[in-house]
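>>> My questions are about this predicted structure, shown below with the sequence.
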Amino acid sequence: MNNIPLIDLRAQYLELKDEIDEAIRRVMDSGEYIAGPEVEALEKEIAATTESSFAVAVGNGTDALALALEAAGIGPGDEVITTAFTFFATAEAIVRRGAVPVFADIDKTTYNLCPEDAERRITNRTKAILPVHVFGQPAEMDAFADLAARHGLVVIEDACQSIGATYKGRQVGAIGDIGCISFFPTKNLGGYGDGGIVVTSDERAADRVRLLARHGSRKKYFHEAIGVNSRLDPLQAAIIRVKLARLHDWNERRRQAAEYYNTGLRDTPLRLPAAPRHAGHVYHLYVTQFHGRDALATKLSQDGISTGHYYPCPLHLQKALAGLGYKQGDLPVTETACAHSFALPLSPHLTKEQQDYIIGKVMDYTQGW
Ligand SMILES: *Cc1c(COP(=O)(O)O)cnc(C)c1O
């Protein structure tokens, strides 16, 4: 069996090659390389997909988070409760606002922010709560909505890994006040470069994000605020539109691949991902836990099977955030997950033969553990 990558982006391109090449040619022929109809069309389509009233395309998912926080009025000294079991950008966006990330622990079965621990960390400086739908698994949004209502907080969703996932039938990103999505190439809906989008049904927030992302300008050469330059280019928009038409089908294929692993690995000592019935998981990553992870990953790599370590260092122990004063032991569930979790290859293009091969190797190596 040839090498099996964690996420097969080339197979994804080859499935849509003709349409993507045609979309690229269309933009090149248009003579318009910033903003324009492709970006506007994508914004409408993403708003529809996420069941939001507005979508504002920006340069990347990190900017989406920082701009959403700014539009929500989060600034210096404000505390934002979030998870440490996520990509660094979640906390980086908060710090970029001059605000303080306050880390709460995660639920050990879903890896998502634990509502009870989040509540314990609320102070009179808390302004927002920022759950991440990690690995494509929806966070407990009802509990966060309840917390927000009782304590007057804004809810901003980091849906960077989870477009198309549903929580009790609702699209993630559109459940809280503002949702942030990334189009990084490996995400479930990725471009061929950087990109992101903010979704919301709050017209004032959408307007603010759009203004801030365009140099604080509505009218060319007139600026009413200090903003940034954060745009999605039409080339990426045209590519993402082609893939958006496949999103539902590809998320379904991810789910089927996850179920195939769940069945095949049932009798191994691996702790398989939990999928609560009310959560429409989209398996951005298939993350399992195993005490002998490092040895297993080495063995699998010798057989050409890539695995990923999500996440090797929790955010509260990152050097860049040492000033926040956290130490080892502060978030035990997060730290255990970081120590033992790893992802097996999963993408819509993973074949049953590849999965059988992976399952067989995992069974061989974990026998006797
Ligand atoms: C990818 C990601 C981001 C950042 O998105 P970029 O487009 O890479 O800036 C933020 N949060 C999470 C959870 C992510 O996975």
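Perfect, I can see it now. Since the structure is predicted, the reported quantities are computational estimates derived from the model, not experimental observations.
>>> Quick one: the strands in the stretch 151-300 of the chain, in order.
Assigned by DSSP state E, counting those that start in this stretch, the stretch 151-300 of the chain shows strands spanning 154-158, 166-167, 170-171, 178-182, 196-200, 217-219, 222-223, 279-280, 286-289.
>>> what about the third one, distance to the chain center?
Right, strand 170-171. 15 Å (Cα atoms, centre = their mean, to the nearest Å).
>>> Just give the nearest non-adjacent residue to the closest residue to the ligand within the stretch 1-150 of the chain, would you?
The stretch 1-150 of the chain approaches the ligand most closely through G61 (2.5 Å), counting by Cβ to the nearest ligand atom. For glycine as for every other residue, the C-beta is placed from the backbone atoms N, C-alpha and C. Once flanking residues are discounted, G61 sits nearest to S182: 2.6 Å by Cβ to Cβ, 6 or more residues apart in numbering.
>>> Can you give the contact residues for the lowest-mean-pLDDT helix or strand in the chain?
In the chain, no helix or strand scores lower on mean pLDDT, DSSP states H and E than strand 279-280, which sits at a mean of 91. For strand 279-280, the external contacting residues (Cβ atoms under 8 Å, 6 or more residues apart in numbering) are 110, 137-138, 164-167.
>>> Tell me where the model's unsure across this structure.
For the chain, no stretch is flagged by pLDDT under 70.
>>> How about the residues of it by the ligand?
With the criterion set to Cβ under 6 Å from any ligand atom, the chain comes near the ligand through 60-62, 86-87, 89-90, 132, 158, 160-161, 182, 184, 194, 196.
>>> Pretty sure the residue nearest to G61 sits against C160.
Yes: using Cβ atoms under 8 Å, S182 is in contact with C160, at 3.8 Å.
>>> list the residues that contact both of these two?
Contacts common to S182 and C160, judged by Cβ under 8 Å, 6+ apart, are 61, 64, 196.
>>> out of the residues you listed, which is most surrounded?
Counting by other Cβ atoms under 10 Å, A64 has the largest number of neighbours within those, with 33 neighbours.
>>> which residues touch the residue in the stretch 251-369 of the chain that the ligand sits nearest to?
Ranked by Cβ to the nearest ligand atom, the top residue of the stretch 251-369 of the chain for proximity to the ligand is H284, at 7.7 Å. Contact analysis of H284 by Cβ under 8 Å, 6+ apart lists 135-136, 161-162, 187-188, 254.
>>> Now with 10 Å, please.
Contacts for H284 (Cβ atoms under 10 Å, 6 or more residues apart in numbering) come out as 7, 133-137, 160-165, 186-188, 251, 254, 310, 343, 346-347.
>>> Same check on F135?
85-86, 110-112, 161-162, 165, 273, 281-287, 310, 341, 343, 346.
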